[in-house]
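Enquirer: Dropping a prediction and its sequence here:
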Amino acid sequence: MQTDRFIAHVYEDCPQLAPDVVHQCTLITLDSLCEQLPKDQTARMAEQLPDEIADAIRAGGDRADTSYVPISLDEFYGKVAFRTELPSQDTQQLVASVIRTLDKALSDGESEAVALDLPSELDQLLH
């Protein structure tokens, strides 16, 4: 899946946001999500995705929290809302769309591996 197509899928679910806002916020969301995954997992994900999206995933993976303190879903939404400067409702809608699109873009095996590696609170995002 190419970057433009990935972003277009997210935009379809968030038409109230400008396309350039969706683009930037999608990259921020992926970066934030990948901070919660092991670096080797993000490297495998990045191999399956276009360059710009892969760069966001690698950046998050490079900053992955090594303290193994799980983040709650509310904390994750708060982090994304802070970074994107979106209202809470738009943040939750965007995050859900980014996760669904990521799930479609990755192979089935990789999607399952991501689900297993996410903190249990964030695992809810994939279901």
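Expert: Thanks, I have the structure now.
Enquirer: Just list the residues touching residue 29, thanks.
Expert: By C-beta atoms under 8 Å, 6 or more residues apart in numbering, the contact list for residue 29 reads 80, 84, 94, 95, 98. Yep, even glycine has a C-beta here, placed from its N, CA and C like the rest.
Enquirer: could you redo the last one with a cut-off of 7 Å?
Expert: 80, 94, 95, 98 (C-beta atoms under 7 Å, 6 or more residues apart in numbering).
Enquirer: which of those has the most neighbours?
Expert: residue 98 (28 neighbours; other C-beta atoms under 10 Å).
Enquirer: which non-adjacent residue is nearest that residue?
Expert: Leaving aside its chain neighbours, residue 98 sits nearest to residue 29 (4.5 Å; criterion: C-beta to C-beta, 6 or more residues apart in numbering).
Enquirer: Using the three-state scheme, assign residue 71.
Expert: Using DSSP: H, G, I helix; E, B strand; the rest coil, the structure places residue 71 in coil.
Enquirer: Retrieve the pLDDT associated with it.
Expert: pLDDT recorded at residue 71 is 84.
Enquirer: all helices of this structure, in order?
Expert: 3-13, 19-34, 39-47, 51-62, 73-84, 88-105, 108-117, 120-123 (DSSP state H).
Enquirer: check contacts around residue 72.
Expert: Contacts of residue 72 (C-beta under 7 Å, 6+ apart): residue 121.
Enquirer: If we use 10 Å, what do you get?
Expert: 78, 119, 120, 121, 122 (C-beta atoms under 10 Å, 6 or more residues apart in numbering).
Enquirer: ok, now residue 28?
Expert: 56, 60, 79, 80, 82, 83, 84, 85, 86, 94, 98.
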